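> turn this into a model:
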Amino acid sequence: MPSLMDPVRFGALDLPNRIVMAPLTRARATIDHVPTPLMAQYYAQRAGAGLIVSEAIGISHQGLGWPKAAGLWTDRQVAGWTDVTDRVHAAGGRIVAQLWHMGRTVHPDYLDGEAPVSSSATTAPGKAYTNLGKKPYEAARALDEAEIPGVVQQYEVAAANAMAAGFDGVQIHAGNGYLLDQFLRDGTNHRTDAYGGSIENRIRLLHEVVAAVARVVGEDRVSVRISPNGDSQGVNDRDPETLFVAVARRLAELDIAFLDIREPDFDGTFGKADRPALAPAIRTAFGGNVVLNSDYDPTRARDAVSSGAADAIAFGRLFIANPDLPARIAATLPLAAADPAMWYAGEERGYTDYPSAS
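Got it, this is the predicted structure:
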């Protein structure tokens with residue numbers, strides 16, 4: 001029966017434990033989306049994770065709309081990420097780049113006034129983070145079918161840049177209401193062409209992106225993150241179980257390293273009454289390595305791995321305040337709490353100044 005501290009192999013990656021650092025947007029890059037030395041320090045502090053999944057990284061100018069989030073489309077950005085991966089590797093860690101296109105959640109302020117793109121002409125609810133504060137989202141335009149190969153190419157270029165920067169692999173962000181999720185779910189995908197309508201068609205863009213990225217980096221260095229349960233930034237589906245089981249089967253055909261599933265929040269069990277956890281059905285359909293993520297504490301994480309519900313657990317907020325989280329879990333040491341006010345603000349405060357237990 002496996003434990004959290006047992007090693008595991010995910011594709012080409014040999015992990016010394018099953019504690020994954022989840023992707024966490026922290027807004028510590030420069031205003032033009034270049035990683036900073038402070039970011040290299042932050043990730044190196046957390047190199048004890050079996051695997052670090054980087055914060056979401058913009059694949060292109062078109063796809064990134066978050067202040068001081070990092071990108072992977074310029075030489076300066078690649079150089080900044082090279083410093084990060086060098087520091088992580090020197091500390092004995094492994095790190096993959098999460099590739100991100102935000103779709104309709106990019107505010108026009110980031111696009112020189114142009115409309116963001118999505119599967120269909122829709123508008124995200126709420127407000128966007130911009131360099132000038134929060135502003136209401138504006139209507140996206142539907143990508144023309146002829147533009148879609150260009151979006152796939154953005155992922156290919158970012159994947160090649162990630163490998164040039166020394167990452168150990170890449171993760172495709174297909175959840176949380178961002179572009180690929182906007183194509184997957186029928187609440188936002190109203191298309192009538194080859195990328196809309198049936199589940200098979202709505203999966204098409206994700207399949208094309210993953211296949212293209214796998215050709216660049218190798219399928220054994222690719223993972224995908226999905227968030228199948230409930231509304232995510234206004235993105236939802238009438239039949240999520242059927243959709244995401246089909247997604248899992250298509251990804252299994254591509255033989256990727258692992259599937260990362262963001263579950264609903266805990267209410268003492270898995271999920272909530274109106275959002276039952278779909279991970280068991282998705283895991284069965286996928287058949288390969290699965291990482292689960294959703295407010296796990298060490299006890300729930302141990303139970304999930306030992307029961308076979310997951311091959312590893314991704315921790316997010318606990319890694320913010322506990323840079324040595326795997327060591328603390330192994331020794332059953334107390335866990336520190338993070339300051340939410342500093343998640344997206346400041347420099348080293350609330351970022352690199354959380355101490356290790358020893």
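> for the nearest residue to residue 256 once chain neighbours are set aside, give me the pLDDT.
Among residues not flanking residue 256 along the chain, residue 222 sits closest, at 4.7 Å (CB to CB, 6 or more residues apart in numbering). Where C-beta positions appear, they are placed from N, C-alpha and C, glycine not excepted. pLDDT for residue 222: 98.
> how many neighbours does residue 222 have?
Residue 222: 29 surrounding residues under other CB atoms under 10 Å.
> for it, grab phi and psi.
Main-chain torsions, residue 222, degrees, to the nearest 10: phi -120, psi 140.
> make sure it is actually in contact with residue 255.
No: contact criterion CB atoms under 8 Å: residue 222 and residue 255 do not qualify, at 9.1 Å.
> nearest spatial neighbour of residue 63, skipping sequence neighbours?
In space, residue 63 is closest to residue 101, 3.5 Å off (CB to CB, 6+ apart).
> in this structure that neighbour contacts residue 60, no?
Yes: applying CB under 8 Å, one finds residue 101 in contact with residue 60, separated by 7.0 Å.
> more neighbours: which of the two?
Counted by other CB under 10 Å, residue 101 and residue 60 do not tie: residue 101 has more neighbours, with 27 against 19.
> what residues are up against the more buried one?
58, 59, 60, 62, 63, 151, 154, 155, 173, 178, 179, 180 (CB atoms under 8 Å, 6 or more residues apart in numbering).
> ok, these vs residue 108, which is closest?
residue 62 (11.5 Å; CB to CB).
> below-threshold pLDDT in the stretch 151-300 of the chain: ranges please.
265-276 (pLDDT under 70).
> tell me which stretches of it form strands.
Assigned by DSSP state E, counting those that start in this stretch, the stretch 151-300 of the chain shows strands spanning 170-173, 222-226, 258-262, 290-293.
> and the first one, what does it pack onto?
For strand 170-173, the contact count by 3 or more CB pairs under 8 Å, 6 or more residues apart in numbering; DSSP states H and E identifies strand 95-100, helix 148-164, helix 199-217, strand 222-226 as packing neighbours.
> can you tell me the strand partners of the last one and which way each runs?
So that's strand 222-226. When pairing is defined by DSSP bridges, strand 222-226 lines up against strand 170-173 (parallel), strand 258-262 (parallel).
> JSON lines please, covering those strands and showing mean neighbour count and distance to residue 68.
Formatted as JSON lines, the strands paired with strand 222-226 follow (neighbours: other CB atoms under 10 Å; distance: least, CB to CB, whole Å):
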{"stretch": "strand 170-173", "mean neighbour count": "28", "distance to residue 68": "18"}
{"stretch": "strand 258-262", "mean neighbour count": "25", "distance to residue 68": "23"}
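> nearest to residue 345, out of those?
Residue 345 lies closest, by CB to CB, to one member of the strands paired with strand 222-226: strand 170-173, at 22.9 Å.
> residues in contact with that closest one?
Defining contact as CB under 8 Å, 6+ apart, one finds that strand 170-173 is touched by 23, 53, 56, 96-101, 155, 158-159, 162-163, 180, 206, 209-210, 213, 217, 221-225, 260.
> rewinding a little: give me the common contacts of residue 101 and residue 60.
Common contact partners of residue 101 and residue 60 (CB under 8 Å, 6+ apart): residue 154.
> need the helices for this structure, in chain order.
For the chain, the helices defined by DSSP state H occupy 37-45, 75-90, 148-164, 179-184, 199-217, 240-253, 279-286, 298-307, 317-321, 325-330.
> nearest to residue 107, out of those helices?
Of those, nearest to residue 107 by CB to CB is helix 179-184, at 14.5 Å.
> so what touches that closest one?
So helix 179-184 is contacted by 63, 101-104, 117-120, 122, 151, 172-175, 188-189, 195, 202-206, 209, 226-227, 232, 235, 237, 243, 247 (CB under 8 Å, 6+ apart).
> for residue 1, find the nearest of the strands paired with strand 222-226.
Closest to residue 1 of those is strand 258-262 (CB to CB; 19.8 Å).
> okay, the closest one in CSV with CA atoms only?
Extracted C-alpha coordinates of strand 258-262, given in CSV (Å, rounded to 0.1, in the frame of the first residue of the first chain):
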residue,chain,number,x,y,z
PHE,A,258,-0.3,12.2,-15.6
LEU,A,259,-3.7,13.8,-15.2
ASP,A,260,-4.2,16.5,-12.5
ILE,A,261,-7.7,16.9,-11.3
ARG,A,262,-8.9,19.9,-9.3
